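Chemist: after the sequence you'll find the predicted model.
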Amino acid sequence: MEAATMAWTAAVVGLGLVYWFVWVMGAAEVKGKRGVDLKMGSITDDKVKDKYTQYWSFFRAPKETAATAASAEKVPAFVDTFYNLVTDIYEWGWGQSFHFSPALPGRSDRDATRVHEERVADLLKAKPGHRLLDVGCGVGGPMRAIAAHSGSKVVGITINEYQVNRARSHNRKAGLDSQCEVVCGNFMAMPFDDASFDAAYSIEATCHAPKLQDVYAEVFRVLKPGALYVSYEWVTTALYRADDPAHVEAIHGIERGDALPGLRHYDEIASIAKEVGFEVVQEIDLALPPSLPWWTRLKMGRFAYWRNSLVVRVLTLLRIAPKGVVEVHEMLFETAQHLTVGGETGIFSPMHMVVLRKPATAAAESK
Ligand SMILES: C=C(CC[C@@H](C)[C@H]1CC[C@H]2C3=CC[C@H]4[C@H](C)[C@@H](O)CC[C@]4(C)[C@H]3CC[C@]12C)C(C)C
Ligand SMILES: C[S@@+](CC[C@H](N)C(=O)[O-])C[C@H]1O[C@@H](n2cnc3c(N)ncnc32)[C@H](O)[C@@H]1O
């Protein structure tokens with residue numbers, strides 16, 4: 001073959017590969033967000049690196065500073081920055097539900113996700129005519145599954161404006177916009193009337209609150225007397241040892257890579273719920289056997305991570321993706337390792353579930 005023909009063949013094959021990786025492979029899990037559409041939320045391209053640096057500065061402050069009230073006030077803004085940086089990568093590489101689920105034998109990740117979400121609707125006994133609150137709704141994967149499964153109306157709240165727009169657009173495309181509403185706001189000071197919801201749930205979201213009391217008290221306030229609240233909490237378990245450096249490293253890694261002001265121990269959750277006035281109906285760690293591991297999806301995707309890493313590098317080089325995507329993607333890759341250690345050692349659970357009830361006799365005001 002002539003040199004020119006060889007060069008042309010190589011170029012065509014090369015371009016074909018890039019096309020396959022970026023456009024055809026698109027999202028690793030769910031088609032809908034393609035590699036070429038990766039943005040950094042509402043952050044303009046020139047500000048991505050600054051925002052990423054700003055994100056990390058939160059963790060450089062000494063622990064004592066991080067624990068002060070003044071610093072706790074900064075958490076919602078820091079969480080908002082985090083979701084501007086990661087929302088598109090999550091959608092592209094994971095799907096529209098930003099949480100874990102126990103694996104189900106012989107079923108896809110998508111099925112396992114849906115089952116984990118529908119469990120919430122069933123526990124809440126949600127039905128047509130009910131108005132549910134989704135506390136920290138992301139781009140609305142759970143909200144759509146729960147609205148479709150139960151026939152209830154769902155109102156979601158998220159601190160991140162970009163997620164509000166993504167969620168509204170997904171709701172429209174799914175034909176669920178008459179049942180699902182999304183509001184931008186802080187779940188520790190919600191723009192809703194007292195006693196205005198029939199039930200509420202939060203899926204892997206309240207871990208972003210510096211004080212769980214603040215969000216639980218707000219949920220308590222907006223629920224009708226007698227209403228139920230289900231929450232999937234991120235916690236350290238009874239196996240966690242604060243004097244084991246490997247445990248501490250994994251937990252700090254999870255906090256750094258997931259915008260967490262500090263993980264709570266599982267035994268704090270029920271007492272905080274009681275403190276704000278809830279009755280504890282049920283408390284169970286859904287990650288424990290007989291559940292199958294929730295972290296296998298993170299591990300099994302090792303090939304997908306390498307492919308994704310290559311895609312973001314190529315897209316950044318071609319200036320299709322903004323600068324900084326590579327760094328954010330690396331951060332997530334590392335986070336996945338820490339989460340896997342947390343799951344394998346059993347020191348961490350992302351699905352410590354509590355079912356809480358606002359007493360039927362409770363006043364609309366929280367205690
Ligand atoms: C509840 C929270 C988020 C939980 C998970 C949805 C996300 C935690 C870690 C994320 C990911 C890690 C690795 C990424 C990978 C490198 C990339 O190629 C594709 C996306 C990932 C798989 C990404 C997807 C979402 C997570 C699993 C927290 C924030 C409270
Ligand atoms: C990991 S995501 C989970 C999203 C959704 N529950 C799901 O499972 O797909 C956490 C969500 O909590 C929201 N969040 C975190 N802190 C918040 C706050 N102070 N007020 C409102 N939403 C908040 C984030 O914006 C994000 O939407």
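Modeler: On my side now, so go ahead. Ligands and ions are numbered 1, 2, ... in the order given.
Chemist: what kind of secondary structure is S349 in?
Modeler: With DSSP: H, G, I helix; E, B strand; the rest coil as the basis, S349 sits in strand.
Chemist: repeat for T316
Modeler: Classification of T316 using three-state DSSP returns helix.
Chemist: same check on Y201?
Modeler: Looking at Y201 with three-state DSSP, the answer is strand.
Chemist: was I right about it contacting S231?
Modeler: Yes. Applying CB atoms under 8 Å, one finds Y201 in contact with S231, separated by 6.8 Å. Using the backbone N, CA and C atoms, a C-beta is placed for each residue, glycine as well.
Chemist: what residues are shared contacts of the two?
Modeler: With contacts defined as CB atoms under 8 Å, 6 or more residues apart in numbering, the residues shared by Y201 and S231 are V135.
Chemist: next up, the contacts around the residue lying closest to L288 once chain neighbours are set aside.
Modeler: Spatially, and ignoring its direct neighbours in sequence, L288 is nearest to S349 (7.9 Å; CB to CB, 6 or more residues apart in numbering). Residues in contact with S349 (CB under 8 Å, 6+ apart) are 234-235, 237, 266, 285-288.
Chemist: next one: S349 relative to ligand 2, how far apart?
Modeler: Distance, S349 to ligand 2, by CB to the nearest ligand atom, to the nearest Å: 15 Å.
Chemist: ligand 1 contacts on the chain?
Modeler: Contact residues, the chain versus ligand 1 (CB under 6 Å from any ligand atom): 28, 89-90, 93-94, 98-99, 204, 207, 258, 305, 308, 329, 332-333, 335-336.
Chemist: filter those down to the buried ones.
Modeler: Among the residues of the chain next to ligand 1, the ones that count as buried by 16 or more other CB atoms under 10 Å are 28, 89-90, 93-94, 98-99, 204, 207, 258, 305, 308, 329, 332, 335-336.
Chemist: looking at it, H130 is touching Y201, isn't it?
Modeler: No. Shown here, H130 and Y201 do not form a contact pair, counting by CB under 8 Å, at 11.8 Å.
Chemist: need the residues touching each of the two.
Modeler: Going by CB under 8 Å, 6+ apart, residues that sit against H130 and also against Y201 are L124.
Chemist: neighbour count winner among the two?
Modeler: In terms of neighbours (other CB atoms under 10 Å), Y201 is the more surrounded of H130 and Y201; the figures are 28 against 18.
Chemist: so how far is ligand 2 from that one?
Modeler: From Y201 to ligand 2 the distance is 8 Å (CB to the nearest ligand atom).
Chemist: show residues contacting whichever strand or helix holds V164.
Modeler: Using DSSP states H and E, V164 maps to helix 161-173. By CB under 8 Å, 6+ apart, the surrounding residues in contact with helix 161-173 are 41-42, 80, 83-84, 87, 91, 96, 137-141, 143-144, 156, 158, 177, 180, 182-184.
Chemist: this completes my enquiry, with thanks.
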